[in-house]
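A.B. asks: pasting the sequence and the predicted coordinates here, then a few questions.
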Amino acid sequence: MNRLRITPSVIPNLFTSLNMFCGFFSIINASQGHYVYAGWLIFIAALFDALDGAMARLTNSSSELGVELDSLSDIISFGAAPSFLLFATYYAELNTIGIILTSLPLIAGGFRLARFNVQLVGFAKSYFTGLPIPSAAITIASFVLAFYDNGYSELHSQIIIPMTVVLSLLMVSRIRYDSIPRFSLKAIKEKPFLYILIIAALIVIILYKAEGIFFSFVFMIVFGIFRHIFHHLKNKKNTNRV
């Protein structure tokens, strides 16, 4: 009789499964009109998403199966869940065009995850090509938590469509975004400015809650765009000199 064999990979896969569950539960809550719960469940899913990678490194159990399972979880928690949250709080009023627009983060996120899996070499990564799908999802969830109150104001309503389109385009773009750094004295010495920004963002989040999260992620997204433009112009200038 074969005995059940428990391997170290069970631990990170458990966190990945919890990520998937939170995404599914977020969709259920949004469908029932519990938008605050739905938004926070996306944040909790992001926490489990970060922890599964940390647990995989800690137990030395990174695997291709884990990568695929992580992507399947991410498309639910950070693709379907935030898209449906936007649909429930705004796009449902726009009928067919609303369905099309609200599907963009889901479709773009799926494409981005597929591209990531195909291009993945090893399991350690110092940067992402394109805006990571959890970052796009957190931006959307924090926007809903910060600005939805039985509807959006006229100003915030005008932001939703551009935000949806821009986040979707950034996910499939070639713009590089830094991965979450591991806190160490060496890393702080190598990238002191990055850690200053992280500390500043944490202070803003503590002071302003959901609004702080939204504006911190907007800053990170815009910073990545300007850095990409700067490096592109710099490389072009160096090429012209040669």
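C.D. replies: Sure, I can see it.
A.B. asks: beyond the helix or strand of the chain with the lowest mean pLDDT, next helix or strand please.
C.D. replies: Of the helices and strands making up the chain, the lowest-confidence element is helix 185-190, at a mean of 76, by mean pLDDT, DSSP states H and E. Heading C-terminal from helix 185-190, the first helix or strand you meet, by DSSP states H and E, is helix 192-241.
A.B. asks: that next one - what's its average pLDDT?
C.D. replies: Per-residue pLDDT over helix 192-241 has a mean of 90.
A.B. asks: same check on stretch 112-131?
C.D. replies: Averaging the model's pLDDT scores along stretch 112-131 yields 81.
A.B. asks: run the chain-centre distance for that stretch.
C.D. replies: In terms of C-alpha atoms, centre = their mean, to the nearest Å, the centre of stretch 112-131 is found 13 Å from the chain centre.
A.B. asks: buried residues, it. List them.
C.D. replies: Across stretch 112-131, burial judged by 16 or more other C-beta atoms under 10 Å covers 112, 113, 116, 128, 129, 130, 131. No exception for glycine: its C-beta is placed from N, CA and C like everyone else's.
A.B. asks: looking at those residues, which are in helices?
C.D. replies: Using DSSP state H, the subset of those located in helices is 112, 113, 116.
A.B. asks: report the contact partners of the second one.
C.D. replies: The neighbours of residue 113, taking C-beta atoms under 8 Å, 6 or more residues apart in numbering as the test, are 71, 74, 75, 79, 133.
A.B. asks: which of those lies closest to residue 61?
C.D. replies: Comparing the contacts of residue 113 against residue 61 with C-beta to C-beta picks out residue 71 as the nearest, at 17.0 Å.
A.B. asks: residues touching the strand or helix carrying the closest one, excluding its own?
C.D. replies: Residue 71 is part of helix 64-74, with elements assigned from DSSP H and E. When contacts are defined by C-beta under 8 Å, 6+ apart, helix 64-74 is touched by residues 9, 12-13, 16-17, 19-20, 23, 45, 49, 52-53, 56, 109, 113-114, 116-117, 120, 123, 133-134.
A.B. asks: I am finished for the moment; much appreciated.
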